[in-house]
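Undergrad: Fold the following for me, if possible:
(4 chains)
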There are 2 protein chains.
Amino acid sequence: MPRKKANKSFCSAARALEVLGDRWTFLLIREVVFGTRRFDEFVSHLGIARNVLTARLNALIDADILEQLPVRDDAVRTAYHLTEKGRDLLPALIALVQWGDRWLQTPDSIPIQIIERKSGKVLPPMRPLNRSGKALTLSDLDWTPGPGAADPRIAPLIAAYEKQRRIEPRPVPAPKKSKKEKST
Amino acid sequence: MPRKKANKSFCSAARALEVLGDRWTFLLIREVVFGTRRFDEFVSHLGIARNVLTARLNALIDADILEQLPVRDDAVRTAYHLTEKGRDLLPALIALVQWGDRWLQTPDSIPIQIIERKSGKVLPPMRPLNRSGKALTLSDLDWTPGPGAADPRIAPLIAAYEKQRRIEPRPVPAPKKSKKEKST
DNA sequence: CAGTATCCAGTTTGATACTG
DNA sequence: CAGTATCAAACTGGATACTG
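TA: Sure thing, here's the model as predicted:
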């Protein structure tokens, strides 16, 4: 019996991917970011089945990531737009695109470059920063239980982490085998 | 007939989500980040079916995101570790977690906080920056075709974007309807 | 322990036809 | 144009039993 309905994940990113992780959903958001607004435009750009498109669009509206707004000069038609919540996906989307550009493309295959409108320059890679603006890597980070850490869906992992933290000071020590190949 | 095999997406982020977007895959990466290393640990933490776990782990190894390294003092056992490519997912994962924390959780339900190991302070939200370190929003950005823009899987979208760019100066103008509810 | 093999039910998809 | 309805085929996941 696939996919228990009750199994709502508790981790923020896992929850996020429950909405966004679908094969089509992300492409739809990309379309909207690029200005696609109408049902049949989605169909023709993506080749998505109409019933599937309906389902995805509704899921995104339910998730408050898209909204349907009336088109000016038209009493009937509507257009899909990002909500504030949808626009706030921007950092995650850019970080994901940049990772894909680094590791899944070759320099010659990158399809779209993200630039600053004013300067026309390509954005530098996003990195996690501390409050002073210093870039951090995995070994600079640590995790600490938040207010919701007691939830049984996450507690076992946290317990395991706390336990092995004493043995293994860093969450993920670099393995000895060094790697050279990039953008395979 | 679901899922055409040939339909490999071309967009970097869509490609990234073809690997990561699965319901389990992300949870597996989270486990590894937190130090889970062994097959049966994954099973017991996540309740994932063993055959599904095998498939996901192999997919991540094929994608060069995880690798299996020998365990010291053990000639037989192996342990799963992130590769460099896997560790480089960190910015995207953090951005996603932070979005989820903002929009999918309440202040009381946040399960884990990401802190700087040295200072113990919670990381500030990641944002796209320009080269001078200034934070950018959607309307500060623009998109320009890269070397691979001619690929038919992306060309229609780029063409549509270039066309409507003259009409709609900004990719996504803020809709007039203002919103107040957060973390619904 | 770390998987592999099998089974089957439930879910999802793409295609197609239809409606306001 | 913007969907809704229907359907068979394909995929997926969970459970279970088995192996080195």
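
Undergrad: if I look at the residue in chain A positioned nearest to DNA strand C, how far off is A:Glu116?
TA: Of all residues in chain A, A:Ala49 sits closest to DNA strand C, at 3.4 Å by Cβ to the nearest atom of the strand. The way it works is simple: take the backbone N, C-alpha and C, and place the C-beta from them, glycine included. According to Cβ to Cβ, to the nearest Å, A:Ala49 and A:Glu116 sit 37 Å apart.

Undergrad: okay, those two: which has more neighbours?
TA: When neighbours are counted by other Cβ atoms under 10 Å in any protein chain shown, A:Glu116 comes out ahead of the other of A:Ala49 and A:Glu116, with 20 against 12.

Undergrad: That one: what's it in contact with?
TA: A:Glu116 is in contact with A:Leu123, B:Asn130, B:Leu136, B:Asp140, B:Leu141, B:Asp142, counting by Cβ atoms under 8 Å, 6 or more residues apart in numbering or on different chains.

Undergrad: Kindly recompute the last result at 10 Å.
TA: A:122-124, B:128-132, B:134, B:136, B:140-142 (Cβ atoms under 10 Å, 6 or more residues apart in numbering or on different chains).

Undergrad: Where do the domain boundaries of chain A fall?
TA: Following automatic domain parsing, one gets these domains for chain A: A:7-88, A:90-128, A:144-178.

Undergrad: Can you say which of these is packed in most?
TA: Neighbour counts (mean count of other Cβ atoms under 10 Å in any protein chain shown) averaged over each of the domains of chain A peak at domain A:90-128, with a mean of 19.

Undergrad: quick one, what contacts A:Ala150?
TA: A:Ile158, B:Pro111.

Undergrad: That one sits in which helix or strand?
TA: Here A:Ala150 sits in a region with no helix or strand, counting by DSSP states H and E.

Undergrad: distance of it from DNA strand D?
TA: From A:Ala150 across to DNA strand D, the span is 23 Å (Cβ to the nearest atom of the strand, to the nearest Å).

Undergrad: From B:Glu41, how far out is that residue?
TA: Using Cβ to Cβ, we find A:Ala150 at a distance of 21 Å from B:Glu41.

Undergrad: now A:Leu17
TA: According to Cβ to Cβ, A:Leu17 stands 21 Å off from B:Glu41.

Undergrad: what does A:Ile110 give?
TA: Taking Cβ to Cβ, one finds A:Ile110 at 38 Å from B:Glu41.

Undergrad: Repeat that for A:Arg23.
TA: With distances taken as Cβ to Cβ, A:Arg23 is found 29 Å from B:Glu41.

Undergrad: before we move on, what SS does A:Phe10 have?
TA: Assigned with DSSP: H, G, I helix; E, B strand; the rest coil, A:Phe10 falls in the coil class.

Undergrad: and it, what does it touch?
TA: Contacts of A:Phe10 (Cβ under 10 Å, 6+ apart): A:148-149, A:151-155, A:157, B:104-105, B:109-112.

Undergrad: for A:Asn58, same thing?
TA: Counting by Cβ under 10 Å, 6+ apart, A:Asn58 has contacts A:Leu66, A:Gln68.

Undergrad: roughly how far apart are it and B:Val122?
TA: Distance, A:Asn58 to B:Val122, by Cβ to Cβ: 35 Å.

Undergrad: Over to A:Leu136?
TA: 12 Å.

Undergrad: Find residues that contact each of the two.
TA: In contact with both A:Leu136 and B:Val122: A:Asn130, B:Ile114, B:Glu116, using Cβ under 10 Å, 6+ apart.

Undergrad: Out of those, which sit inside strands?
TA: Within the shared contacts of A:Leu136 and B:Val122, residues falling in strands by DSSP state E are B:Ile114, B:Glu116.

Undergrad: wait, which of the shared contacts of A:Leu136 and B:Val122 is closest to A:Leu96?
TA: B:Ile114 (17.4 Å; Cβ to Cβ).

Undergrad: Next up, the contacts around that closest one.
TA: A:128, A:136, A:141-144, A:146, B:90, B:93-94, B:97-98, B:101, B:122-123.

Undergrad: Return the backbone torsion pair for the residue nearest to A:Pro145 when sequence neighbours are not counted.
TA: Nearest non-adjacent residue to A:Pro145, counting by Cβ to Cβ, 6 or more residues apart in numbering or on different chains: A:Ile158, 5.7 Å away. Main-chain dihedrals, A:Ile158, degrees, to the nearest 10: phi -60, psi -40.

Undergrad: So for B:Pro70, which of the domains of chain A sits nearest?
TA: With Cβ to Cβ, the closest approach to B:Pro70 among these belongs to domain A:144-178: 10.1 Å.

Undergrad: hang on, the earlier thing: let me know whether the residue of chain A closest to DNA strand C touches A:Arg23 as I believe.
TA: No - if you go by Cβ atoms under 10 Å, A:Ala49 and A:Arg23 don't touch, sitting 11.9 Å apart.

Undergrad: was I right about A:Cys11 contacting A:Ala149?
TA: No - using Cβ under 10 Å, A:Cys11 is not in contact with A:Ala149; the gap is 11.0 Å.

Undergrad: Could you name every residue contacting both of those two?
TA: Common contacts of A:Cys11 and A:Ala149 (Cβ under 10 Å, 6+ apart): A:Leu157, B:Pro111, B:Ile112.

Undergrad: which ones among the residues you listed are found in strands?
TA: Reading strands off the shared contacts of A:Cys11 and A:Ala149 with DSSP E, I get B:Ile112.
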